[in-house]
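A.B. asks: I'd like to go over a predicted model; first the sequence, then the structure.
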Amino acid sequence: MSPTCETQGVATVTRADNARAAAEDSLEDYAFRYVPRSFRRWSAGAVGVTALGSIAFLADFSIGASIGIEHGTHNAVLGILLASVVIFIVGTPIAYYAARYNLDLDLIARGSGFGYYGSSITTVIFAVFTCIFFALEGAIMAQGLQVAAGIPLPIGYLISTVVVIPIVIYGMRALERLQFWTTPLWLALALLPLLWVIVSDPDAVQAFVSFTGNSDGSVDVGAIVASAAVCFALTPQLAEQIDVIRAMPPRSRANTQSWWTSLLFAGPGWVLFSGVKQVVGVFLAVYLFTRIDAELGAKATEPVRQFVGLYSSVMPEWLAMGLALILVVVAQVKINVTNAYSGSLAWSNVYTRLTKTYPGRSVFMYFNLAIALALMWMDVFSLIAFVLSLYANVVMAWLVTIATDIVVNKKLLRVSPSFPEFRRGMLHDWNPVGLVSVGLASLLSLSAFGGLFGEGVRPFSVLIAIVVAFVTTPAMALATRGRYYLRRRTDGIPSPLLDADGNPSGERLRCHVTGYTFERPDMLASAERGPHGETQYVSSLALTLDGTDQYMLPPETAASALPPPVPQRAANPAARRMSREK
């Protein structure tokens, strides 16, 4: 064998070994992968409960308190309502695609306007979100440790970071058990004292309704939109919900009602619970000012102080302190396990695509935690309103682009493939539809946020991002005639991609690179024929880790001039019987 052949052989073996290692490591969480039917053994209700367990975060209370103090109760509540409605509308089609086709947000973005490598940009946006919110939630836990146990904040930051590691390492199954057992405790600690105060102290409710904060007390459109802008930064929480609801079981006639209920509440419906918590945050801040200490100032935005003050009204202070600490620790562990888990998936996804190597998800978990810890030590919590308002501009540009592509480009204009294609061999590397939309919307909204268009426009910067993304996405799809969505129209496999109910097929095929079997939606025909000239199959995972393109079928140049393909469904069993009878 020549040195060149020998070198190529070693490289091929290394790539195959790397793909096998990635397959083994991702069996628990399916990082950068379609979630197969064989893994999705939970009921729709169980998946929904697990997804809702991740919204126990206390940053909602801080966000509500901060905008309430700044703009008053009326403007803050209307801003929360505005943001919640928009987030629900934007989140519904994205969550539906995640649950229906069992994909995370990165995989959906690939076939919804961004291309194979283009979606990595949006994944970085989400990964940054997990770092920011881990830092905010970790800071809240550290505040609880400081108030209840006297632990200095820097040490508390470290404790709140390290405590989640053992759970995150074990992936989805550990996450499901944690959320299931801790959610009832969290609800009892958060709601029962609050309900008691509302019922027993009507004056507290009246003070909340009439609270003007730093405003003059009038209802102002600019203040409402500015309040909503802070709340919009929470929208990427949808991606964390999707990381769970992508494990939804196939939709069938038997489970249609529970499937849709779980999808709506655990998908876009998370924002309903989040909005209520934000309003409660305003109430708790007002309660501290009127019942505890009128000079608290910014400290009224700290959830631990909010709940200590709340509990102290119905129980001894020592017990109030202990219960508040338990609430903070339980809530922060619940959400930061999800932040660390989702962040590790996002970072590993981007790194693996760009470098064609997979060092393991745990590496990126530590990377994600290191960034979050650095943000805590930089005291990002003190800048919560500014940071979230700035971040919201890019976030809404990104998510509105994806939602618009699904609803308008796929369903109405039909210039985008109805199935959210995610496999490397089927996609172009870059799609200008999503990239131009996000780039233009972000540029204009950030310019408005920075005051480039005048102070009167600044509060409306997020609305600019939303409108520009909504208009630009279909405009770009029509201008490019949809030619950049698909590299190929067919994947070379004769069996249907979807079953008779429209769910991704559960048929299993063997990947000749890794040696593992994968389900039909994760597979393509390989360009490398078998020893007897037969067709071999290759998994999207192996293609992700292959830097030679030797397994990729050639592009179909005529595909750009044709309408997007409709995925083939398996024949209905009744239709097959009728055909045989004829």
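C.D. replies: Cool, the structure landed. Quick caveat: nothing in here was measured; it's all calculated off a predicted structure. Numbers count the residues shown, from 1 in each chain.
A.B. asks: what are the ranges of the strands in the protein?
C.D. replies: Using DSSP state E, the strands assigned to the chain run over residues 508-510, 517-519, 523-525, 537-539.
A.B. asks: could you redo the ones you listed as a markdown table and give each row mean neighbour count?
C.D. replies: In short, each C-beta sits where N, CA and C put it, glycine included. Written out in a markdown table, the entries for these read as follows (neighbours: other C-beta atoms under 10 Å):
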| stretch | mean neighbour count |
| --- | --- |
| strand 508-510 | 17 |
| strand 517-519 | 19 |
| strand 523-525 | 24 |
| strand 537-539 | 28 |
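A.B. asks: can I get the ones you listed in a markdown table with distance to S210 and mean pLDDT?
C.D. replies: Below are the strands of the chain laid out as a markdown table (distance: least, C-beta to C-beta, whole Å; pLDDT from 0 to 100):
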| stretch | distance to S210 | mean pLDDT |
| --- | --- | --- |
| strand 508-510 | 64 | 92 |
| strand 517-519 | 58 | 89 |
| strand 523-525 | 62 | 92 |
| strand 537-539 | 61 | 91 |
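A.B. asks: Make CSV from those strands and add distance to V433 to it.
C.D. replies: Conversion of the strands of the chain to CSV gives the following (distance: least, C-beta to C-beta, whole Å):
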stretch, distance to V433
strand 508-510, 31
strand 517-519, 28
strand 523-525, 23
strand 537-539, 27
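A.B. asks: mean confidence for stretch 326-346?
C.D. replies: Averaged over stretch 326-346, pLDDT sits at 79.
A.B. asks: Just the helices from the stretch 251-400 of the chain, written as ranges.
C.D. replies: Per DSSP state H, counting those that start in this stretch, the stretch 251-400 of the chain has helices spanning 256-266, 270-287, 303-312, 317-355, 361-377, 384-404. These are given in chain order.
A.B. asks: got it, and the stretch 1-150 of the chain?
C.D. replies: Counting by DSSP H, counting those that start in this stretch, the stretch 1-150 of the chain forms helices over residues 3-25, 44-53, 59-101, 105-109, 119-149, given from the N-terminal end onward.
A.B. asks: Where among the ones you listed is average confidence lowest?
C.D. replies: Confidence, taken as mean pLDDT, is least for helix 3-25 of those (a mean of 48).
A.B. asks: what about P567, neighbour count?
C.D. replies: Here the number of neighbours of P567 (other C-beta atoms under 10 Å) works out to 16.
A.B. asks: give me every residue that touches it.
C.D. replies: S418, F419, P496, L497, L498 (C-beta atoms under 8 Å, 6 or more residues apart in numbering).
A.B. asks: Report the buried members of those.
C.D. replies: Among those, those buried by neighbour count (16 or more other C-beta atoms under 10 Å) are F419, P496, L497, L498.
A.B. asks: Closest one of those to V205?
C.D. replies: If you rank these by distance to V205 using C-beta to C-beta, F419 comes first, at 50.4 Å.
A.B. asks: quick one: the closest one and S442, what's the gap?
C.D. replies: F419 is 28 Å from S442, where distance means C-beta to C-beta, to the nearest Å.
A.B. asks: And for A127?
C.D. replies: A127 is 16 Å from S442, where distance means C-beta to C-beta.
A.B. asks: So which of those two has more stuff around it?
C.D. replies: A direct count of neighbours by other C-beta under 10 Å for A127 and S442 places A127 higher, at 27 against 22.
A.B. asks: Spatially nearest residue to the more buried one, not counting backbone neighbours?
C.D. replies: Nearest non-adjacent residue to A127, counting by C-beta to C-beta, 6 or more residues apart in numbering: A346, 3.8 Å away.
A.B. asks: And for Y96?
C.D. replies: L263 (6.6 Å).
A.B. asks: Would you mind listing the residues in contact with the one you found?
C.D. replies: Each residue near L263 by C-beta under 8 Å, 6+ apart is listed here: A44, G48, A95, Y96, A99, I245, M248.
A.B. asks: Among the strands of the chain, which comes closest to T404?
C.D. replies: Ranking the strands of the chain by distance to T404, with C-beta to C-beta as the measure, places strand 523-525 first at 28.2 Å.
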